[in-house]
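Chemist: Coordinates only, no sequence provided:
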């Protein structure tokens, strides 16, 4: 069955919930930034989002809340739970396992090799949308917890084998999503916080 890549890309982009957490609306009507979420709040958020927060992330929110932290804040607004100011996390893909780059590297290369000529506008747009779908799915099961500027972001994986690990979206320059590492192992949320939330893969 042939996939309509244009339609699929548009459908996936809806999962980003643009405008879902408008800062002005949230300040007026939403869950106050300075309020510490309770266990009941977190259970409600998990139920609504369809995920279970990694233990270290959950404990940090319960102990310290959202106050003055260098990552996006979880709260409840007029339209439900989400991360304050977030326009990158795909909420519709949160329940899918975060894919290791090895799982899509061959497809990525093959897609590059069959780029049609720009002169064939229809074929090129279809190919471009297929690439857009792949790029969107590369961060399934992960939350964009910190924006680093210049297109860089830090991800907290919430679903799949890498759940609880911190990854770095460096596609703006190196076209890769890379794991944060410490002493040869993955960086957890608590490790990341203890290191000032500024760890990068290089």
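Modeler: Looks like it arrived, so ask away. This is a predicted model, so every value here is computed, not measured.
Chemist: Let me see the ranges of the helices in the chain.
Modeler: Secondary structure of the chain, counting by DSSP state H: helices at 5-13, 23-29, 39-49, 55-64, 105-113, 121-137, 189-194.
Chemist: what separates the shortest one from the chain centre, distance-wise?
Modeler: The offset between the C-alpha centroid of helix 189-194 and the centroid of the whole chain comes to 17 Å, using CA atoms, centre = their mean, to the nearest Å.
Chemist: For the protein, which strand extends over the most residues?
Modeler: Among the segments of the chain that qualify as a strand by DSSP state E, the longest is strand 142-149.
Chemist: Please state the mean pLDDT value computed over that strand.
Modeler: Mean pLDDT, taken over the full extent of strand 142-149, equals 91.
Chemist: Run the chain-centre distance for that strand.
Modeler: 7 Å.
Chemist: cool, and stretch 189-202?
Modeler: Here stretch 189-202 is found 17 Å from its chain centre; the criterion is CA atoms, centre = their mean.
Chemist: Next: stretch 56-66.
Modeler: The gap between where stretch 56-66 is centred and where its chain is centred comes out at 19 Å by CA atoms, centre = their mean.
Chemist: And that stretch, what's buried?
Modeler: By neighbour count with 16 or more other CB atoms under 10 Å, stretch 56-66 contains the buried residues 56, 57, 58, 60, 61, 65, 66. The C-beta positions use only the backbone N, C-alpha and C, and glycine is treated the same way.
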